[in-house]
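Undergrad: Give the three-dimensional model of this entry:
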Amino acid sequence: MATTSPSRAERIAHLRTTVALFMRDHVLSRVSHDLRSPLNAIHSWAYVLERKIDGADAAAQRAIGGIRTGVEQQVQLIEKIVDTTRNETRKLQIEREPFPADAMINDAIDDARIALADARGVTIDEHGMPCGASIDGDRNRSTQALWLMLLFAVEASARDSTTRFEALPENGQLRLAVSFVAKRDALTDDALPHQLESFAREQAHAQEEAGRAPWVLALCQRVAEAHGGRFEAGPLKDGESMTLALTLPTVAE
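TA: So this is what the prediction gives:
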C-alpha cells in the first residue's frame, strides 16, 4: 500500500509542534533547576533552626518539622511531575546517516518562506550554495533546527527586510548561519503574521533575557549537542544584527 507524503501545511504544523515541545522541555528544565536551589536552602536552614530552638518547645519543633515536610513534598512533586514530563525529550534520539546538505537546506528555506517569510515580505538571501557537503547526522532533526533558525529570524525582522543565510564548510564541519537585523517589536506586533506561539515571542522579547538565547531556540541547541556540534545565538538587541549559527559534522571525503 502506497504511503501519502504529508502536505507542506502538515509539515509546517508538525514543525511548529516540535518547536513547542522542546521549548516546554527547556522551561521545565529551568523550573526544576531553579526550584531545587531555594528548596535545598530552606531545608538546610530548617536543620539550623532546629538546633537553635529549645527542644522542649513542642510548637516550635512541629513548625520546623512542617517546614521540612513541605520542602520534601515539593521536591517529590518536581521529581514526579516536572522531571517525568521532561523524559520525552530529555535525551534527543537521532537517526544518524549521511545526507546531502544542499537538499536539506533547500527544504528548510522553502518551508520558512512559505510558513512566514513570504507573508512578511522578508527575503532570504542565500550564500555559499550549493555547498556540496554531506552531513553526518539526522536529516529530519537538522531540517527542524535550521527551519526554526530561519523562522525566528523572520519573526524578529521588520516587514520587507532581508535575512542572510550562509553555508560555510570548515574543518570537517558545516556552519549554517542566519543573520538579520533584530526588530524587537516585530515579535509581538499583532498587525504582523506569526508562526511561533505568543508565549515564545513574548519571552524572546523580554528585556531581562537580552544577551541570552531565547527559550524557543532550545531545539537548535539540543540538535547541535546530539550531533557533537554547536549552536550559537548572539544577543537580541533592537536595531542591531543578530546571528544564529548551527555547526554540524560532515562526512570525510
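Undergrad: Tell me who's in contact with the residue nearest to L92 when sequence neighbours are not counted.
TA: Leaving aside its chain neighbours, L92 sits nearest to A226 (4.4 Å; criterion: CB to CB, 6 or more residues apart in numbering). Yep, even glycine has a C-beta here, placed from its N, CA and C like the rest. A226 makes contact with L92, Q93, I94, D138, R141, according to CB atoms under 8 Å, 6 or more residues apart in numbering.
Undergrad: For A213, see how far away the fourth one is.
TA: Just to be clear, that refers to D138. Applying CB to CB, to the nearest Å, the value for D138 to A213 is 21 Å.
Undergrad: go on, the third one?
TA: I94 is 21 Å from A213, where distance means CB to CB.
Undergrad: These two: which has the busier surroundings?
TA: When I94 and A213 are compared for neighbours, A213 comes out ahead with 19 against 15, by other CB atoms under 10 Å.
Undergrad: so which strand or helix has the more buried one?
TA: Assigned by DSSP states H and E, A213 belongs to no helix or strand.
Undergrad: now it: how far from D54?
TA: In this view, A213 and D54 are 51 Å apart by CB to CB.
Undergrad: Looking at the residue nearest to L92 now. What's its pLDDT?
TA: pLDDT recorded at A226 is 93.
Undergrad: Quick check: ChimeraX command selecting the buried ones in the contacts of A226.
TA: Of the contacts of A226, the buried ones go into a single ChimeraX selection, burial set by 16 or more other CB atoms under 10 Å:
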select :92,138,141
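Undergrad: And the contacts of A226, which is closest to H127?
TA: Nearest to H127 among the contacts of A226 is R141, at 23.5 Å by CB to CB.
Undergrad: does the closest residue to that closest one other than its chain neighbours sit in a helix, a strand or a coil?
TA: Counting by CB to CB, 6+ apart, R141 lies nearest to V223, which is 4.9 Å off, once chain neighbours are set aside. Assigned with DSSP: H, G, I helix; E, B strand; the rest coil, V223 falls in the helix class.
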